[in-house]
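**Student:** Sequence and predicted model, in that order:
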Amino acid sequence: MAALTLLVFLSTALRQPRVPASLTLASASLKKYEDFITIGDVASLNFNMYVDLGPVFNWNVKHLFLYLSAEYVTKTNALNQLILWDKIIARGENPQLDFRSMSTKYLFLDDGNGLKGHKNISLFLSWNIIPNAGTLFLIPASTQTLISLPEKYEEVRRY
């Protein structure tokens, strides 16, 4: 049984296709974030995304774990990385994703003023392949999108 599982894994291990993704920023806003300990920036993003993940699925793919991440550099940190959105797609579900003005699932929070007017934030769509047998693969999409954030904070109403 172990030998059969190994053969199953080897038949798909070298076939990890990267598919192109279309990712654009629909809108962005920026607010100042304050709590009892931290003062920082929080961005709200809406994005458009189209990707056809059909070529990624084969008989050994059980699920795909997709996630949208952001990377940027600030004066205080050489590299900031965070997850903004994620989705699990099971085999048999529609592998084509076409989102318009989708909001992020998680906060885009910076522990300082590093987001205000930032001109070079990279968005990446990546996925983990969860197989029936074998190793978990991390596959980046073949697309990277650069975005800029507003120069001014959005006014927050206080009641």
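**Tutor:** Sure, I can see it.
**Student:** For the rest of this, base every contact and every neighbour count on C-alpha atoms.
**Tutor:** Fine.
**Student:** For residue 144, see how far away the spatially most central residue of the chain is.
**Tutor:** Compute the mean C-alpha point of the chain, and by Cα atoms, centre = their mean the closest residue is residue 68, 0.6 Å away. Distance, residue 68 to residue 144, using Cα to Cα, to the nearest Å: 11 Å.
**Student:** For the closest residue to the residue nearest to the centre of the chain other than its chain neighbours, what is the enclosing helix or strand?
**Tutor:** Nearest non-adjacent residue to residue 68, counting by Cα to Cα, 6 or more residues apart in numbering: residue 125, 4.6 Å away. Assigned by DSSP states H and E, residue 125 falls within strand 121-131.
**Student:** and after that strand, which helix or strand comes next?
**Tutor:** Per DSSP H and E, the first helix or strand lying C-terminal to strand 121-131 is strand 137-147.
**Student:** returning to that earlier point: so what's the residue nearest to the centre of the chain up against?
**Tutor:** Counting by Cα atoms under 8 Å, 6 or more residues apart in numbering, residue 68 touches 83, 84, 85, 86, 123, 124, 125, 126.
**Student:** Run a quick check on the third one versus residue 67, I expect a contact.
**Tutor:** In this case it means residue 85. Yes: between residue 85 and residue 67 there is a contact under Cα atoms under 8 Å: 5.6 Å.
**Student:** where exactly do the strands run in the protein?
**Tutor:** 21-34, 39-52, 61-72, 80-90, 96-103, 108-110, 121-131, 137-147 (DSSP state E).
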